[in-house]
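**Q** Give me a model of this one.
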Amino acid sequence: MMHSVRKLVFAVCLVALSWYGMMAVHELGHVVGAWATGGTVTGVFLHPLSISRTDVLPNPYPGIVVWLGPVVGSLLPLLLVACGRSCRAETYVGFFAGFCMIANGAYIAVGSLEAIGDAGEMLRCGAPVWTLVAFGAVGISSGLMIWHRLGSVGRFFAAESTVTPWMATSAMIVLSLLLLTEVALFAK
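**A** Prediction:
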């Protein structure tokens, strides 16, 4: 019974850390885009109770800035997977990379239907809808492929010693520290 609770705690923390990590890497892409095109980042907001955003003003090339969010937000985690193939955390880095691919892909593809968020800005900058849908399809399918290679969720919960007490406790501590840091830094 304790094995199952420990695994559940670890899995919930891993998903939450992946969500907050995905938003941070996505916003880093917008920041890189702004800096690369001569824009000025006036604010980056990463609060745990809101959707992240990066404000750029002036923004001489908004199309590049908006696209680099999901592109960097998808490719940087893949680079981490390539660099971390030999480390003990390869499975968790792979989970994070798959999560980022799926989240960024879904965000852009679904956003293109209602012209909201980054997808709305991409459309206003002249990107054809099909490019957003294609980005979404590639991102979602690539993320699912990464997850498929990691193995099944059922096998994760069935295995006896997949998650140690140290891993579950560490995940809770890291998540708690991240949330406290975001609240302290980005409180309005």
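
**Q** hey, which helix or strand in the protein has the poorest pLDDT?
**A** helix 153-158 (a mean of 72; mean pLDDT, DSSP states H and E).

**Q** Could you list the buried residues of stretch 134-151?
**A** The neighbour-count check on stretch 134-151 (16 or more other Cβ atoms under 10 Å) flags F135, G136, G139, I140, S142, G143, I146, W147, L150 as buried. Every C-beta, even on glycine, is put in place using the N, C-alpha and C of the backbone.

**Q** Return the subset of those lying in helices.
**A** F135, G136, G139, I140, S142, G143, I146, W147, L150 (DSSP state H).

**Q** pLDDT wise, what is the last one at?
**A** At L150 the predicted local distance difference test score is 88.

**Q** Over to the fifth one?
**A** Model confidence at S142, expressed as pLDDT, equals 97.

**Q** Leaving out sequence neighbours, find the closest residue to it.
**A** M101 (4.8 Å; Cβ to Cβ, 6 or more residues apart in numbering).

**Q** Also the fourth one?
**A** For I140, ignoring the flanking residues on the chain, the nearest one in space by Cβ to Cβ, 6+ apart is G105 at 4.1 Å.

**Q** Equivalent analysis for H47, please.
**A** Using Cβ to Cβ, 6+ apart, the nearest residue to H47 is F186, at 4.3 Å.

**Q** list the contacts for the one you found?
**A** F45, L46, H47 (Cβ atoms under 8 Å, 6 or more residues apart in numbering).

**Q** Could you do V183 as well?
**A** So V183 contacts H47, P48 (Cβ under 8 Å, 6+ apart).

**Q** helix, strand or coil for the residue most central in space within the chain?
**A** Centroid-nearest residue in the chain, with Cα atoms, centre = their mean: M22, separated by 1.7 Å. With DSSP: H, G, I helix; E, B strand; the rest coil as the basis, M22 sits in helix.

**Q** How about the one 5 residues further on?
**A** Here E27 takes the helix state, with states given by three-state DSSP.

**Q** Ok, the one 5 residues further on next?
**A** For V32, the assignment made with three-state DSSP gives helix.

**Q** isn't it right up against L68?
**A** Yes. The criterion here is Cβ atoms under 8 Å, and V32 meets it with L68 at 5.8 Å.

**Q** So for those two, which residue has more residues nearby?
**A** L68 (23 against 18; other Cβ atoms under 10 Å).
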